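Participant: The sequence and its predicted three-dimensional model are supplied below.
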Amino acid sequence: MSGNSARAQSENVHGENQFAEALRSAIRSSGLSLDRIQARLRARGTPVSIAALSYWQSGKRQPERNDSLTALAELETILKLPAGSLLALLPPPRPRGKQAAPDKQVTETVRFQRDVLLGLLTALGVPNALEQEQQLTLVGLHDRCQLGDDGGQQSITTRAVFEARTDGQDRWLLIYNSDDPGVGAPTLTTVRNCHLGRQEVDSANGLMVAELLFDQPIRRGDTYLIEYSLENAGPPYPICNRTHWREFRRPIREYLLEVHFSSANVPIRCQQFAKQSGTKHPRVRNLSLDTRRSVHAVAIDFGPGLFGIEWE
């Protein structure tokens, strides 16, 4: 990770505090209880649970889905705040049960405690992994997310293609952060062209770090394909908040995302969303389920930015 990236993370944490503090202050100044705020939001057609409002003002959660961001705009009106004032304080979305690569070619915003991650990296024997120069470029990525009957995340199968920038590249460091840490870490299984090296898990924070060792080192300019899967115990399966996404810190040539639904939990609506860095609002497109209850979205020459699928 470069010095600029490290500074950006510090700013993100500060931004999260700013949002929660501003919301708490506005609610306190309004004299409205959370019950009354919830009732007014419902009357405006943007319902939000009391629990969600409580999480937002405490900083434990933040509005991320499109319907939550719409409700946030109405909340600004209810609290008599300037339009967009709370939205401007929102930090980047939290990781949603996805994999993050510390070399930063493609990674989620690292929202869990940095000292927790550094502790796992130290235990793994790579304490300086976040500061090391990127040696692999992620060329293509394919995620297939399988949902259980309860709508939770049953498994994710990922196929990744890398290009080496220097000779002798022989591994990829995988970081996984769960939405639902109470259920424990998923089982990581290598499927093709790689095998599992060292692994460390912090169950309390739902964080896992693992080495995926290539079957053979690759030279500069060579490409290499690996495939692995993450299987969650269940049912019940871990909560995934009706969305699956990745944040790309560097441009990627192709990202394919598939979500497969159980016959017991077929959504009434699916949408693809793509939010380029520097823009306030995502581009949204409706998606149709195929005959096998699957939906997919493709990003070509995308990033930096956020890309994913959400459903109701």
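Facilitator: Looks like it came in fine. Residues are numbered from 1 along each chain as shown.

Participant: Name the residues of the strand or helix carrying Leu72 that are buried.
Facilitator: Per DSSP states H and E: Leu72 is located in helix 66-78. Across helix 66-78, burial judged by 16 or more other Cβ atoms under 10 Å covers Ser68, Leu69, Ala71, Leu72, Glu74, Leu75, Glu76, Ile78. C-betas here are computed from N, CA, C, even on glycine.

Participant: Out of the residues you listed, the closest to Asn205 would be?
Facilitator: When the buried residues of helix 66-78 are ranked by distance to Asn205 (Cβ to Cβ), Ser68 comes first, at 23.4 Å.

Participant: Spatially, what comes nearest to the closest one if we skip its sequence neighbours?
Facilitator: Distances taken as Cβ to Cβ, 6 or more residues apart in numbering put Val48 closest to Ser68, at 7.1 Å, once the chain neighbours are dropped.

Participant: would you say that neighbour is within a helix?
Facilitator: No. Assigned with DSSP: H, G, I helix; E, B strand; the rest coil, Val48 falls outside any helix and is coil.

Participant: give me the number of residues near it?
Facilitator: The local packing of Val48 (other Cβ atoms under 10 Å) involves 21 other residues.

Participant: Same question for Ala43.
Facilitator: When neighbours are counted by other Cβ under 10 Å, Ala43 comes out with 11.

Participant: again, but for Phe214
Facilitator: Neighbourhood size, Phe214 [other Cβ under 10 Å]: 19.

Participant: again with Ala264
Facilitator: Applying other Cβ under 10 Å, we find 10 residues neighbouring Ala264.

Participant: List the residues that contact it.
Facilitator: By Cβ atoms under 8 Å, 6 or more residues apart in numbering, the contact set of Ala264 is Asp149.

Participant: Swap in 10 Å and give it another go.
Facilitator: Contact partners of Ala264, counting by Cβ atoms under 10 Å, 6 or more residues apart in numbering, are Leu147, Gly148, Asp149, Asp150, Gly151.

Participant: strands paired with the helix or strand harbouring Val201, and their directions?
Facilitator: Assignment of secondary structure by DSSP H and E places Val201 within strand 194-202. Sheet partners assigned to strand 194-202 using DSSP bridges are listed as strand 207-218 (antiparallel).

Participant: Appreciated, that's everything.
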